[in-house]
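K.L.:
heads up, no residue letters with this:
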């Protein structure tokens, strides 16, 4: 019984490994290219009732099976260029934005970093002193809320449907 369990476990591992390899393979999304690759592998281009996605999955499974047979190496076509070393130059591939964008991003970063520093400091303080007075903190929040005032609302009948409040700072 333990041998059967070992065999079942081994087959599950093989199945998992083959599915992992299949997911890792780069399969073309263009249907014409998928058909050409299938024809190049000696497989029929289309099976009866097969759609594009099913054809692509079949190619993926075939490539994964070839990959498993070769021990992880797919055959390289003759016309493919094999790079033995990487090029030394690193090409800049971004486009510089206007100076207004840079200025705005700087302002956003300054605002965000100040808030993040406050949040981290609060979390550190709470971690160091877990018995911190939460009632005092709630009271501070309520004092901040007292500074808010309703600036606009929409009336439909006797009562407002929506309200809008802005902080004075």
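P.N.:
Sure thing, it's come through. It should be emphasised that the depicted structure is a prediction, and the values quoted were computed from it without experimental measurement.
K.L.:
max-length helix in this protein?
P.N.:
helix 99-128 (DSSP state H).
K.L.:
what helices and strands are in contact with that helix?
P.N.:
Other elements packing on helix 99-128 under the criterion 3 or more CB pairs under 8 Å, 6 or more residues apart in numbering; DSSP states H and E are absent; no helix or strand qualifies. C-betas here are computed from N, CA, C, even on glycine.
K.L.:
helices of this structure, start to end?
P.N.:
Listed in chain order (using DSSP H), the helices of the chain are 2-24, 31-40, 52-69, 99-128, 134-146.
K.L.:
which stretches of this protein have low pLDDT?
P.N.:
The chain contains residues with pLDDT under 70 at 1, 70-89, 92, 150-157, 159-169.
K.L.:
what about 50?
P.N.:
For the chain, the stretches flagged by pLDDT under 50 are 74.
K.L.:
how close does residue 149 get to residue 140?
P.N.:
19 Å (CB to CB, to the nearest Å).
K.L.:
now do residue 6
P.N.:
Per CB to CB, residue 6 is found 63 Å from residue 140.
K.L.:
how about residue 67?
P.N.:
Per CB to CB, residue 67 is found 61 Å from residue 140.
K.L.:
what about the two, which has more around it?
P.N.:
Neighbour tally, residue 67 and residue 140, criterion other CB atoms under 10 Å: the higher count belongs to residue 67, 18 against 10.
K.L.:
thinking the more buried one is in contact with residue 21, fair?
P.N.:
Yes - applying CB atoms under 8 Å, one finds residue 67 in contact with residue 21, separated by 5.4 Å.
K.L.:
quick one: contacts for residue 41?
P.N.:
The neighbours of residue 41, taking CB atoms under 8 Å, 6 or more residues apart in numbering as the test, are 59, 62, 66.
K.L.:
distance of the second one from residue 69?
P.N.:
Remark: distance between residue 62 and residue 69 (CB to CB) = 11 Å.
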